[in-house]
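Novice: below are the sequence and a predicted model for it; my questions follow.
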Amino acid sequence: MSTTANFTGTLESHFVEESNIPEQFRVQPLHQREYLVGGEIKTWDGPVTEVYSPLYIKQNGQLKKKLLGSYPLGTEKEAMEALDAAVAAYNNGQGEWPTMSVKDRIACMENFVYRMVQQREQVVKLLMWEIAKSYADSTKEFDRTVEYINATIDALKETDRQSSRFEIKEGVVAQIRRSPLGVVLSMGPFNYPLNETFTTLIPALIMGNTILFKAPKHGVLLHSYLLKAFQESFPKGVVNTIYGRGAVITPPVMQSGKVDVLAFIGSSKVANDLKKRHPKINRLRAVLSLDAKNAAIVTQHADLKVAVSECVLGSLSFNGQRCTAIKIIFVHKSVAEAFTQLLSQAVNNLKYGMPWEAGVQITPVTEPDKPAYLQECIRDAEANGARVVNENGGATAGSFVFPAVVYPVNPKMKLYHEEQFGPVLPVVPFESIQEPIDYQINSSHGMQVSIFSNDAEEVASLIDPFVNLVSRVNINSLSQRGPDAFPFTGRKDSAEGTLSIADALRAFSIRSLVTTKMNDANKKLINEIVKNHNSGFLSTDFIF
Ligand SMILES: O=C[C@H](O)COP(=O)(O)O
């Protein structure tokens, strides 16, 4: 038996009998039948979709899929009903929610966060089981989401404070408001089913839009714990949930022409398909976070230890299943061998295991077809002259894939071009720094790049070319989205619109003006409106 075969057994040994899982991490199947439409929680009695965890369970020595529960296999009919409820609640901008004062909308959102936090333990546990994210990272995802919502509330308070002032220019007095856009179809990704979903859903909601929400298929059940919180915190029809196969229920929703904003995080293929279906595409706003193949560039002037530890973290956090992950590493040929050796050692020192194991860094991958796809990428690289450098790299057992460092990667290989979205690290040796620049110029992606070098002149000469090719240049550090207050976007097929906290509030609103000419009569009129009428003039602290 080969070493890798022995190692496969070692990997497999981490899948255990259910009775060997510590009790606080065990879950009972959750058969969700409820969906929220028009303010009512309805019970589904039609066919369902079963959800299986990527975390297999051992039974009599065999790996078995663990049933986590099921959710409604809704159809076009329910999706259209939910859409109509969102349209009715928006009511051409005349509904209760879009006309509600910012202060009152914030109060609804605070109520929601309060209720959401009550569900922390349940949501975190299901997050772990549904996508195989470590318990520690699942907890972080939940807490980061709560912080994101609270920061969004604070940012909106600031925006509101600004719009309560009057701008005076050339004799024209203007109040600049942030007004909602309409109905938002919100869809998040499987890798951050809570956090990323809420980075569009929450700002869209708080700006006064109404929502049609479809959860990702991996990470769908955890949202059932939040249905009641949505129902009890917002007016009827403001948040509506749809369940079913995306390919069946979302195209008719887009074809209806009733969606004003597509908020989607996932693949550019799906996003483009959905966008194209809208009959008046010029009226559709799209807020998208999509594909990315973020490069790291390690020059001969890099501190290799720093480069290695940042590349390991950047490539392998949540098994590389992050849009912001480093997905290709260019290394100057003079240091390529040394770097690759250090990288291999660091990868082999990572702690792998089940998500509940303390300190675990590598867990099973989420999507069932991912191990076969990654192995195919590795075979393709091997057929074109590369090899897996680290011991046991690429070994699989069930949904486990042990990270592989593949070297030397070249343009003939899938790993050079495709977004692997998994624990495989392609390393490309280069001679001229123009090679990684050309790679980025010719790439259909443009999210982030990481440059590793301690030579100021060299770093300075790389910042400008890359800033115009991607949306974030990281110096001697991994690529990542956070801190969440920073703008988060991308070029080409990587994104449309900018997320982050303040940017997302802008993305889901339009600046509209209330103006008048500056004269005594108007001054009197506006003063009276501010004093006696609640008409969006939220603060009386500055009257022209
Ligand atoms: O998948 C994309 C996420 O926004 C990545 O966020 P992160 O860089 O904080 O892991």
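Specialist: Looks like it came in fine.
Novice: and the chain, which residues reach the ligand?
Specialist: Within reach of the ligand by Cβ under 6 Å from any ligand atom, the chain has these residues: 191-192, 196, 322-324, 480-482. For glycine as for every other residue, the C-beta is placed from the backbone atoms N, C-alpha and C.
Novice: turn those into a markdown table, columns for secondary structure, neighbour count and distance to Val360.
Specialist: Formatted as a markdown table, these follow (DSSP: H, G, I helix; E, B strand; the rest coil; neighbours: other Cβ atoms under 10 Å; distance: Cβ to Cβ, whole Å):
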| residue | secondary structure | neighbour count | distance to Val360 |
| --- | --- | --- | --- |
| Asn191 | coil | 26 | 17 |
| Tyr192 | coil | 26 | 18 |
| Glu196 | helix | 25 | 22 |
| Arg322 | coil | 23 | 17 |
| Cys323 | coil | 28 | 22 |
| Thr324 | coil | 22 | 21 |
| Gln480 | coil | 20 | 20 |
| Arg481 | coil | 21 | 22 |
| Gly482 | coil | 10 | 21 |
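Novice: now the residue lying closest to Gly208 once chain neighbours are set aside: how far from the ligand?
Specialist: Here the nearest residue to Gly208 in space, its sequence neighbours aside, is Pro180; by Cβ to Cβ, 6 or more residues apart in numbering that works out to 3.4 Å. As defined by Cβ to the nearest ligand atom, to the nearest Å, Pro180 lies at a distance of 24 Å from the ligand.
Novice: ditto for Gly69
Specialist: From Gly69 to the ligand the distance is 25 Å (Cβ to the nearest ligand atom).
Novice: what's the burial count for that residue?
Specialist: The tally of other residues near Gly69 (other Cβ atoms under 10 Å) stands at 22.
Novice: repeat for Leu185
Specialist: The burial count for Leu185: 27, using other Cβ under 10 Å.
Novice: helix, strand, or coil at it?
Specialist: Per DSSP: H, G, I helix; E, B strand; the rest coil, the secondary structure class of Leu185 is strand.
Novice: so it bridges to which residues?
Specialist: Judged by DSSP bridges, the bridge partners of Leu185 are Leu212, Leu262.
Novice: what sits against Leu288?
Specialist: 262-265, 268, 271, 495-497 (Cβ atoms under 8 Å, 6 or more residues apart in numbering).
Novice: how about low-confidence regions in the protein?
Specialist: Along the chain, the parts satisfying pLDDT under 70 run over 1-3, 164, 534-544.
Novice: could you chop it up by domain?
Specialist: The chain breaks down into these domains under automatic domain parsing: 33-45+76-289, 294-490.
Novice: pretty sure Gln476 sits against Asp455.
Specialist: Just to correct that, residue 476 is Asn rather than Gln. No: the pair Asn476 and Asp455 fails to qualify as a contact (Cβ atoms under 8 Å) at a distance of 11.3 Å.
Novice: what is the neighbour count of Asp160?
Specialist: When neighbours are counted by other Cβ under 10 Å, Asp160 registers 19.
Novice: with Ala372 instead?
Specialist: Neighbourhood size, Ala372 [other Cβ under 10 Å]: 11.
Novice: before we move on, what about the one 4 residues further on?
Specialist: When neighbours are defined as other Cβ under 10 Å, Glu376 has 11 of them.
Novice: give the closest residue to it in space, chain neighbours not counted.
Specialist: Lys414 (7.6 Å).
Novice: and for Ala404?
Specialist: Using Cβ to Cβ, 6+ apart and skipping residues adjacent in sequence, the residue nearest Ala404 is Gly393, 3.4 Å away.
Novice: ditto for Val183
Specialist: Closest to Val183 by Cβ to Cβ, 6+ apart is Ala86, at 4.7 Å.
Novice: tell me how many other residues crowd that neighbour.
Specialist: Neighbour count for Ala86, taken as other Cβ under 10 Å: 29.
Novice: I'd say it and Lys236 touch.
Specialist: No: using Cβ under 8 Å, Ala86 is not in contact with Lys236, being 10.6 Å away.
Novice: tell me which residues in the strand or helix carrying Ala460 are buried?
Specialist: Using DSSP states H and E, Ala460 falls within helix 456-467. For helix 456-467, a neighbour-count test (16 or more other Cβ atoms under 10 Å) marks 459, 462, 465-466 as buried.
Novice: same thing with stretch 341-359?
Specialist: Neighbour counts using 16+ other Cβ under 10 Å place 341-344, 346-347, 350, 352-357 of stretch 341-359 among the buried residues.
Novice: nearest to Glu528, of the domains of the chain?
Specialist: Nearest to Glu528 among the domains of the chain is domain 33-45+76-289 (14.7 Å), distances taken as Cβ to Cβ.
Novice: for the residue nearest to Glu376, what are its contacts?
Specialist: Contacts of Lys414 by Cβ under 8 Å, 6+ apart are 376-377, 380-381.
Novice: state the pair within the contacts of Leu288 that is farthest apart.
Specialist: Greatest spatial distance among the contacts of Leu288 (Cβ to Cβ): Ala263 and Ser268, at 14.7 Å.
Novice: beta partners for Lys66?
Specialist: With DSSP bridges as the criterion, Lys66 is bridged to Ser53.
Novice: that one is in contact with Glu50, isn't it?
Specialist: No: with contact defined as Cβ under 8 Å, Lys66 does not count as touching Glu50 (11.0 Å).
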